[in-house]
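**Q** 3D, please:
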Amino acid sequence: MGSNPRRLDRIDIGILNQLQQNARITNAELAHSVNLSPTPCFNRVRALEKLGLFKQQVTLLDPEPLGLRINVFIQVSLEKQVEDALRRFEEAISQRPEVMECYLMSGDADYLLRVVMPDMRTLERFIIERLTTIPGVSNIRSSFALKQVRYKTALPLPAGGLTLADPEQTTAEWD
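**A** Numbering: from 1, shown residues only. A predicted model of the protein is given here:
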C-alpha cells in the first residue's frame, strides 16, 4: 500500500459490508445498495481490491447436512515453547483438514484449535493418532460446543469511514 494514506468513505464501507454479506452480489445490485451507478461502483471495488483488502472469496458450507455435527475447541500445551517446537506443531496442524482454526495463544495453553468432526470415534482417533503424535505436545484439553450462539465472518467496519496508512497507523471513525 505504500506510505500514502487512503481514505475509505461511507460508500467504500458500504461496499465492503455488502460484499462481506454476499460476495456473489451483482455489480448492479451492489451499486444500487450504495446509491452509485454501476461504473463508479465497479471502479471502487477494483480500487478496494488493489488496496489488498480482499483476502479471498469463499462459499460457506453448512456442516450439519455434511455430517459434521461435532464442533470441538481443543487447547494444546507444548513441553517447551521454543521456535522449533512451535514450527513443527504448526506445520503438522496445517496439514489437517478437520482443523478449522488454530491460534497461538497467551495464557494457560499454547494453542487453541477448533475442529469439526462427524462423531466421537473420529475425534478420539484425531486426538490419539494425530495430536498426541506431534513431538513436543504435553497436554490436550477438549471442550465441546453444545450450541452455536453466534457465528459470523464479516468484520466490523466503522460506518463513519477509515483512513488506511499502514496497519499500525490505521485510524477509524467508529459509531
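
**Q** and stretch 40-59, how far from the chain's centre?
**A** Computed by C-alpha atoms, centre = their mean, to the nearest Å, the chain-centroid distance of stretch 40-59 equals 17 Å.

**Q** Go through it and flag the buried ones.
**A** C41, R44, V45, L48, L53 (16 or more other C-beta atoms under 10 Å). Bear in mind the C-beta positions are built from the backbone N, C-alpha and C, glycine included.

**Q** How about residues contacting it?
**A** Applying C-beta atoms under 8 Å, 6 or more residues apart in numbering, the set of residues contacting stretch 40-59 from outside is 1, 6, 8, 11-12, 15-16, 19, 23, 27, 30-31, 34, 36, 164.

**Q** can you give me the end-to-end distance of that stretch?
**A** One end of stretch 40-59 sits 26 Å from the other (C-alpha to C-alpha, to the nearest Å).

**Q** measure stretch 69-86 end to end?
**A** 30 Å.

**Q** circling back to that earlier point, which single one of the contacts of stretch 40-59 is nearest to T153?
**A** A23 (10.2 Å; C-beta to C-beta).

**Q** quick one: contacts for the closest one?
**A** A23 sits next to Q57, V58 when contact means C-beta under 8 Å, 6+ apart.

**Q** Swap in 6 Å and give it another go.
**A** Going by C-beta atoms under 6 Å, 6 or more residues apart in numbering, A23 touches Q57.

**Q** ok, it to K55 distance?
**A** 11 Å (C-beta to C-beta, to the nearest Å).

**Q** same question, V82
**A** From V82 across to K55, the span is 30 Å (C-beta to C-beta).

**Q** for N35, same thing?
**A** For N35, the distance to K55 - C-beta to C-beta - is 26 Å.

**Q** Kindly report the same for E124.
**A** As judged by C-beta to C-beta, E124 and K55 stand 34 Å apart.

**Q** And for R96?
**A** From R96 to K55 the distance is 21 Å (C-beta to C-beta).

**Q** Now the phi/psi pair for L104, please.
**A** phi -80, psi 130 (degrees, to the nearest 10).

**Q** Nearest residue to N71 in space, please, no chain neighbours.
**A** A145 (4.1 Å; C-beta to C-beta, 6 or more residues apart in numbering).
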